[in-house]
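[1] Provide a 3D model corresponding to the input given below.
(2 chains)
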Amino acid sequence: MLMWSTKSFTRVCSFAACLCFISPASAAWKTGDSLPELSGFQLEGKVPSDLKGKVVLLDFWASWCAPCKASFPAMNDLQKKYADQGLVIIGINVDEKSAAMEKFLKGTPASFTTVRDAGHKLVSAADVATMPTSFLVDRSGKIRQVHTGYNGNSTKQQYQKEIEELLKEQ
Amino acid sequence: MKRTKFFLLAMAVLGGFGAGCTNVKPWERGYLAEQIMMPDRDPVADRLSEHVYFSREAAASGRSVGGGGCGCN
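    Modelled structure (predicted):
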């Protein structure tokens, strides 16, 4: 009986250890997916209601994320340069505390729309792999590009090239 | 009786392992990224520790790498 118990106990332990390596199935947004209606995610702040027919850059960021901070001047430039042609940039903040977001925005102002995903509903649906992650959405509402991280000028140029291509599409 | 005890023990082990299986998502790393969470946040204390390691164990460096759990690079 003791032998049986030891064997079974070892099995249970092995099974439990294996459990630690299992992560839930990922349902991350990918290119070709349609961007869901943002109004259904209880975001704090005003989401632009007229996204139909616009090129949208949806960027997930946090105040504690250094590359996110580095990406803000580039996104401000993009917003300034392409807003007239139909680009809408929406920054989705995922900070635990709204005060952290407000403090960040005082030091690093954003000229684009910024809303807060306080309940982490939207970011959980997107299931982003890193911070920052951004999704470039075409005029028909389909995700065309996914950017993870921010690598300075090279990412900015990449954004610019892709945005220009999407803006040309009607 | 023995089976019940075994079952309870197995459940306790499963529970124990399960408690350590938390996945911190990239957007939940705000607290990990705080200054207080950095193991090498105090340069004076670092120097002191390094000195102790060096004097007593003839060991040097090999401390933690930078980054506070941002998960961005």
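
[2] for the worst-scoring helix or strand of chain B on mean pLDDT, which positions count as buried?
    Ranked by mean pLDDT, DSSP states H and E, the weakest helix or strand in chain B is helix B:2-19, scoring a mean of 82. Using 16 or more other CB atoms under 10 Å in any protein chain shown as the test for burial, helix B:2-19 gives B:6, B:10, B:13, B:17. For every residue, glycine as well, the C-beta is placed using N, CA and C.

[3] if we take those, which one ends up nearest to A:S134?
    Here the nearest of those to A:S134, counting by CB to CB, is B:F17; it sits at 36.5 Å.

[4] coming back round to it: which of the buried residues of helix B:2-19 come close to chain A?
    The residues of the buried residues of helix B:2-19 that also fall near chain A, by CB under 8 Å from any CB of the partner chain, are B:6, B:10, B:13, B:17.

[5] now, the most widely separated pair of those residues?
    Maximum distance among these (CB to CB): 16.5 Å, for B:F6 and B:F17.

[6] which strand or helix spans A:P36?
    Secondary structure from DSSP states H and E places A:P36 outside every helix and strand.

[7] actually A:F60, not the one I wrote
    strand A:55-61.

[8] what's the following helix or strand after that strand?
    Heading C-terminal from strand A:55-61 (DSSP H and E), you reach helix A:66-82.

[9] so which bits of that following helix are buried?
    For helix A:66-82, a neighbour-count test (16+ other CB under 10 Å) marks A:66-72, A:74-76, A:78-79, A:82 as buried.

[10] try stretch A:96-108
    Per 16+ other CB under 10 Å, stretch A:96-108 contains these buried residues: A:96, A:101, A:104, A:108.

[11] ok, of these, which one's closest to chain B?
    Of all the buried residues of stretch A:96-108, chain B sits closest to A:E96, with 5.0 Å by CB to the nearest CB.

[12] the nearest residue to the closest one once chain neighbours are set aside: which element?
    Among residues not flanking A:E96 along the chain, B:G30 sits closest, at 5.0 Å (CB to CB, 6 or more residues apart in numbering or on different chains). In the assignment (DSSP H and E), B:G30 maps to no helix and no strand.

[13] you'd agree B:G30 is up against A:A100?
    Yes: at 7.2 Å, B:G30 and A:A100 qualify as touching, with contact defined as CB atoms under 8 Å.

[14] which residues do the two both contact?
    Residues within reach of B:G30 and of A:A100 at once, by CB atoms under 8 Å, 6 or more residues apart in numbering or on different chains, are A:63-64.

[15] about what we covered before: between the ones next to chain A among the buried residues of helix B:2-19, which is nearest A:Y159?
    B:F17 (43.5 Å).

[16] check the gap between the closest one and B:A10 for me.
    Separation of B:F17 from B:A10 (CB to CB, to the nearest Å) stands at 11 Å.
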